[in-house]
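# Structure here, sequence nowhere to be found:
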């Protein structure tokens, strides 16, 4: 649908018509949530204010008290059902309380929780073999930790120890964690605190084909391209060349000649707003880093485990093979676990130091990780990401053509972003007030969405990988009705000022 047609539809759409529209019907679910018997909502709010540090910010004006979960669904303390299109901040991969994962966890809990890896236990060895089998080439040595920040922290140390170089490159708009080390890698001012952080880290220009200087409708690997035109060819991206020149300038002017420890890159920037690099860019970036003595680190915390659809790992869409891969979140379906996988050569370097993560790779976590891999394979979750995700992105792209406040729709598989703008041509972010109204209204209609981007104006969708096309259609329908409501509200405001 083009914008003229959409405009004609709106002229025929009266206030009476809007009020006659009910919220869309939610797809059915046979699961019956357990009755809530916990603390009163008001008491929980009181405890939160009095005993939890204020940096723990709740979503929504009236925070949800989530009580129960099943697959793609969440239930609050009143029993109201929500479609979780954010997967607990991209941690729930195969579904809330998935029966197979639950069963594995329960069986392991009744056998052995934890011993630490000063002793051998079978599960971590079974899991290491299964997990590394999913990675290409000689990425065969795993080190287990508990969080994404820990994984990236360790990868940074590995790169420096192995190369004996110090300088590290990451990208502007990237998020790699909040530890003292990884906050240096993170290049979003929202997530940087005024404390001493890791030195020797350089932030390269972000090769963003929507908000960046270069790029257009031929540049990214997505079912939805930007509306900006470009002269790129299907197999030759000019934007990629221009952004590469900016990366090369860091090597020319900011680094010791031929000495870089490593490059950190997400396959798709998650917290930064589902931003995708131009085609061919990352492959050339990897080559440049290796020529200068560095290693390449793929941050698969959000894009791994089949989420992008065509590939099990996000880096595979770029045609590259990293030297170190970090992973978390989806790895445990919400269980706190993470991992760093690397090559024998780099692993040998780490063998020269004494290091121990007390809880990493414990028996319970390893059992959960094995069960998650089994579900991804048995239920063809990666294929579902491709099919449902492609359908979702294409339907959302139609909304972009219908509504002036949607500047860009992008993503791959079930890693999807909608950038909301006040001006489509200038790409200026929508006001925080209007964004929050849209976000809140989607929640009220039963869809939970994430937020992202430097200005917090990107609706993020990274749901459990078990969602259906019916769930995707429901999500699109909810967003469309919410935006129609906003359009009507804006028209009424304009009419009052005439």
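Cool, the structure landed. Fair warning: this is a prediction, and the values are worked out from it, not measured in the lab. Numbering: from 1, shown residues only.

# Quick check: which ranges of the stretch 201-350 of the chain have low pLDDT?
Applying pLDDT under 70 to the stretch 201-350 of the chain picks out no residues at all.

# how does the chain divide into domains?
3-94+381-496, 100-378 (automatic domain parsing).

# so which of these is the most packed in?
Mean neighbours per residue, mean count of other C-beta atoms under 10 Å, is largest over the domains of the chain for domain 100-378, with a mean of 20. No exception for glycine: its C-beta is placed from N, CA and C like everyone else's.

# From the opening residue of that domain to its closing one, how far?
Domain 100-378 has an end-to-end distance of 11 Å (C-alpha to C-alpha, to the nearest Å).

# can you check stretch 458-475 too?
Span of stretch 458-475 from end to end, C-alpha to C-alpha: 15 Å.

# Could you check how far residue 350 is from residue 342?
8 Å (C-beta to C-beta, to the nearest Å).

# same thing with residue 59?
Taken as C-beta to C-beta, the span from residue 59 to residue 342 is 36 Å.

# cool, residue 96 as well?
Counting by C-beta to C-beta, the gap from residue 96 to residue 342 is 32 Å.

# before we move on, what about residue 70?
37 Å.

# swap in residue 60?
Residue 60 is 40 Å from residue 342, by C-beta to C-beta.

# For the stretch 201-350 of the chain, just list every one of the helices.
238-253, 281-291, 344-350 (DSSP state H, counting those that start in this stretch).

# List of residues touching the shortest one?
Counting by C-beta atoms under 8 Å, 6 or more residues apart in numbering, the neighbours of helix 344-350 from elsewhere in the structure are 138, 140, 141, 143, 158, 161, 162, 295, 323, 324, 342.

# can you do 6 Å?
Applying C-beta atoms under 6 Å, 6 or more residues apart in numbering, the contact partners of helix 344-350 are 141, 158, 161, 162.

# can you check stretch 89-98 too?
69-71, 302, 305, 329-330, 333-334, 372, 375, 462, 464-466.

# Let me know the closest of those residues to residue 172.
Closest approach to residue 172 among the contacts of stretch 89-98 (C-beta to C-beta): residue 302, at 17.5 Å.

# who touches that closest one in this structure?
90, 270 are the contacts of residue 302 under C-beta under 6 Å, 6+ apart.

# Now it. Its backbone dihedrals?
phi -110, psi -30 (degrees, to the nearest 10).

# Which parts of the stretch 101-250 of the chain are strands?
Along the stretch 101-250 of the chain, counting by DSSP state E, counting those that start in this stretch, strands occupy 141-145, 168-171, 201-204.

# what lines up beside the last one in the sheet?
When pairs are called by DSSP bridges, strand 201-204 turns out to pair with strand 168-171 (parallel).

# ok now the strand it pairs with, how far from the chain's centre?
Put simply, strand 168-171 sits 19 Å off its chain's centre (C-alpha atoms, centre = their mean, to the nearest Å).

# For it, what does the pLDDT average out to?
Mean pLDDT, computed over strand 168-171, is 98.

# which residues are contacting it?
185, 201, 202, 204, 206, 261, 262, 263, 264.

# Do you know the pLDDT at residue 120?
For residue 120, pLDDT reads 91.

# And the strands in the stretch 251-400 of the chain?
Using DSSP E, counting those that start in this stretch, strands in the stretch 251-400 of the chain cover 262-266, 268-269, 275-276, 295-299, 324-327, 338-342.

# Which among the ones you listed is found nearest to residue 88?
strand 338-342 (14.9 Å).

# From the contact counts, what lies against that closest one?
The contact analysis (3 or more C-beta pairs under 6 Å, 6 or more residues apart in numbering; DSSP states H and E) places strand 338-342 against strand 141-145, helix 148-163, strand 324-327.

# Give the pairing partners of it; include direction for each.
In the sheet, strand 338-342 lines up with strand 141-145 (antiparallel), strand 324-327 (antiparallel) (DSSP bridges).

# Between helix 148-163 and the longest one, find me the angle.
The reference is to strand 141-145. 140 degrees (axes from the mean of the first three to the mean of the last three C-alpha atoms, to 10 degrees).

# Contacts for strand 141-145 next, please.
Taking C-beta under 6 Å, 6+ apart as the rule, strand 141-145 contacts 128, 132, 151, 338, 339, 340, 341, 342, 347, 357, 360, 361.

# can we see that at 8 Å?
Contacts of strand 141-145 (C-beta under 8 Å, 6+ apart): 124, 128, 131-132, 151, 154, 337-344, 346-347, 350, 357, 360-361, 365-366.

# Please name the residues that touch residue 469.
If you count contacts by C-beta under 8 Å, 6+ apart, then residue 469 has 387, 388, 391 around it.

# so what pLDDT did it get?
For residue 469, the predicted pLDDT is 98.

# Out of the helices and strands packed on strand 338-342, the one nearest residue 219 is which?
Across these, closest to residue 219 is strand 324-327 (C-beta to C-beta), at 25.2 Å.

# now that closest one: how far from the chain's centre is it?
15 Å.

# Could you spell out the sheet neighbours of the longest strand anywhere in the chain, each with its direction?
For the chain, the strand that runs over the most residues, judged by DSSP state E, is strand 415-423. Its sheet considered, strand 415-423 pairs with strand 406-412 (antiparallel), strand 428-429 (antiparallel), strand 458-461 (antiparallel) by DSSP bridges.

# Would you mind putting those into TSV with distance to residue 240 alongside?
Converted to TSV, the strands paired with strand 415-423 look like this (distance: least, C-beta to C-beta, whole Å):
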stretch	distance to residue 240
strand 406-412	16
strand 428-429	26
strand 458-461	22
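
# In TSV, list those strands along with distance to residue 212 and mean pLDDT.
Shown next, in TSV, are those (distance: least, C-beta to C-beta, whole Å; pLDDT from 0 to 100):
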stretch	distance to residue 212	mean pLDDT
strand 406-412	12	98
strand 428-429	15	96
strand 458-461	15	98
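
# Ok, which of those comes nearest residue 36?
The nearest among the strands paired with strand 415-423, by C-beta to C-beta, is strand 458-461 at 27.3 Å.
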